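# what follows is a predicted structure for the sequence shown.
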Amino acid sequence: MKPVRLGIFETSPGPSGPSRYVQALLNALDPSQWQVTLFVHAAGPYVRGPNCTIVPVCGGLDSLAPVRRGEGGVRGRSCEHLFIGPSPQPSPPHTGERGNGVGAAWRRFAPRPLRLWAGFGRQVVRLAGMIVPQALDLFHTQCTGCEESPLAARLAGVGKILGTFHVTGGYDLELRRSAWPHRTLETLSNHALDGAIAVSEFTRRDWIQRTHLPGKNVWTIHNGVDTEHFSPGLEPWADRAAARVELGLPPDALVVGGVGRLDRIKGFDCLIRAVARLAGVHLALAGSGPMQMQLTQLAAELGIAGRVHFLGFRPDVRRVYQTLDVMAVPSRVEALNYALLEAMAMQLPAVGACAGGIPEAIAEGQTGLLVDGHDPAAWAEALRQLLNSPDMRHRFGLAARARVCAGFAEQTMVRRTLDVYRSMLGQTRSFPSPLYAGERVRVRGSEREISLDSLNSAPIGPSPRPSPLHTGARGEAA
């Protein structure tokens, strides 16, 4: 049987949630059945595998020009590149003179929406030119908002186009892409899809409402993690002691942890303010980002600089989880982050914001606690409740790992995604099966409830309503 020609578009410049998602799929695809073309950032974290071609996209879609043979590559990675199209010509230097040519006049006088749409259209055409030679049967793009790739695949004549929504529509906290010109392109892009996957039920509903998608063509398949790699191990206490020494954390303190990019969307400023209310409690933040200096200054202003530990980006993130007593996820906007699922798989209880898909992972009062909003006092109270009860942390941690193994395992995510591939290609009539039936999530401090009645029911159609450990407390949090 001839292999299916599958194209996957994912342009993260380094390790990310979408790149982890794609890598999990690549690991599961049988080379005898799937011929894969990856459309990636030139510095992305991918290497060539069996029956897999890499098409680098230099600088992402901001400068969508193929790298040509002999002009560099993916920073020393051993991979076979496929380079398409002419070498980009360097832009003439900007002289600063008004009216210097048609381009200058266009930039000066054309309305901004028109310039936005024209640039978007050019990128669509250029990307389509890279897709056409691959003669793909299925194109799977990683959608994070206003994207050119679905329209490019449509223009290139790809038979079936699938997108995965890795973020919610609220990702634009600064409202830079919320005006009607961007929203129009966003809607056009999403309607070029034949089907879509959302990594949480909240995300699914959000994009259906935001871009008026037909619900019958959007399925919820939660992110999943490798539960064998992310496991507490046979000697968690010995591992914890060694990990704390390695990362420079106090051996006998209660430690709350956060993992993710240090920017406003992750809400770590709220977490620092909450920890400032908990005497003796330490906070470990693993990640890097534009707010690191601000967060460092905030900790100093609150007088807790010695209790807040910035660990930087950690490729060995499992080591970070081994040091923690409680995982905190104070995100302001979140589809469903991997860090939370990893920590739960490591038998950590969690305190999470009631944002996006977080309440779909944390079972309130069973695997962790949920906080509605970002009031530091409310966060401090939720953290205190767990930190002061070794027994609760133990029970929640055991339940957290069981929950992830049952519904958020990587193999489950991959299997259900491949089911969607096959159903779109007409190879099978099976569809993703329900995850949790009849479950209700209550939110701390709120009358609001989220119901997870039945996710991904067959046949394809709108889902019904939405769809722990460490005892080592050395004292109590004040």
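Thanks, I have the structure now. Keep in mind that what you see is a predicted model, and the values were worked out from it rather than measured. Residues are numbered from 1 along each chain as shown.
# check contacts around residue 39.
Neighbour list for residue 39: 7-11, 55, 57, 127, 130-131, 149 [criterion: Cβ atoms under 8 Å, 6 or more residues apart in numbering]. Just so you know, the C-beta spots here come from the backbone N, C-alpha and C atoms, and that holds for glycine as well.
# 6 Å instead?
Neighbour list for residue 39: 9, 55, 57 [criterion: Cβ atoms under 6 Å, 6 or more residues apart in numbering].
# quick check: closest non-adjacent residue to residue 200.
Distance criterion Cβ to Cβ, 6 or more residues apart in numbering; nearest residue to residue 200, sequence neighbours excluded, is residue 357 at 2.5 Å.
# and residue 7, that's in a helix?
No. With DSSP: H, G, I helix; E, B strand; the rest coil as the criterion, residue 7 is located in strand rather than a helix.
# so what sits opposite it in the bridge?
Taking DSSP bridges as the rule, residue 7 bridges to residue 37, residue 139.
# how near is it to residue 298?
Separation of residue 7 from residue 298 (Cβ to Cβ, to the nearest Å) stands at 44 Å.
# name the residue in these two with the higher neighbour count.
The neighbour comparison of residue 7 against residue 298 (other Cβ atoms under 10 Å) goes to residue 7, with 26 against 18.
# I'd say the more buried one and residue 37 touch.
Yes. With contacts counted by Cβ atoms under 6 Å, residue 7 reaches residue 37, the gap being 4.7 Å.
# just to revisit the earlier point, what residues are up against the residue nearest to residue 200?
By Cβ under 6 Å, 6+ apart, the contact list for residue 357 reads 200, 202, 335-336.
# which of the residues you listed count as buried?
The neighbour-count test (16 or more other Cβ atoms under 10 Å) marks 200, 202, 335-336 as buried among the contacts of residue 357.
# can you classify residue 290 by secondary structure?
Assigned with three-state DSSP, residue 290 falls in the coil class.
# got it, and residue 401?
helix.
# wait, doesn't residue 239 sit right on residue 245?
No. Judged on Cβ under 6 Å, residue 239 makes no contact with residue 245 at a distance of 11.1 Å.
# for my notes, confirm residue 280 occurs in a strand.
No. Going by three-state DSSP, the assignment for residue 280 is coil, not a strand.
# could you pull up phi and psi at it?
Residue 280 has phi and psi values of phi 80, psi -10 when expressed as degrees, to the nearest 10.
# gap between it and residue 402?
Applying Cβ to Cβ to residue 280 and residue 402 gives a distance of 31 Å.
# before we move on, what about residue 290?
Distance from residue 290 to residue 402, by Cβ to Cβ: 37 Å.
# and these two? which has more neighbours close in?
More neighbours surround residue 402 than the other of residue 290 and residue 402, with 16 against 10 (other Cβ under 10 Å).
# next, the buried residues of the lengthiest helix in the chain.
As assigned by DSSP state H, the longest helix anywhere in the chain is helix 112-131. Buried residues in helix 112-131, counting neighbours by 16+ other Cβ under 10 Å, are found at 116-117, 120, 123-124, 126-131.
# so what's residue 412 up against?
Residue 412 touches residue 224, counting by Cβ under 6 Å, 6+ apart.
# can you tell me the element it falls in?
If you go by DSSP states H and E, residue 412 is part of helix 410-424.
# same for whichever helix or strand residue 286 is part of, what does it pack against?
Using DSSP H and E, residue 286 sits in strand 282-286. Contact partners of strand 282-286 among helices and strands, from 3 or more Cβ pairs under 6 Å, 6 or more residues apart in numbering; DSSP states H and E: strand 255-259, strand 308-312.
# how far off strand 282-286 does the next helix or strand after that strand point, in degrees?
Sequence-wise, the next helix or strand downstream of strand 282-286 (DSSP H and E) is helix 292-301. When axes from the mean of the first three to the mean of the last three Cα atoms, to 10 degrees is applied, the directions of helix 292-301 and strand 282-286 differ by 180 degrees.
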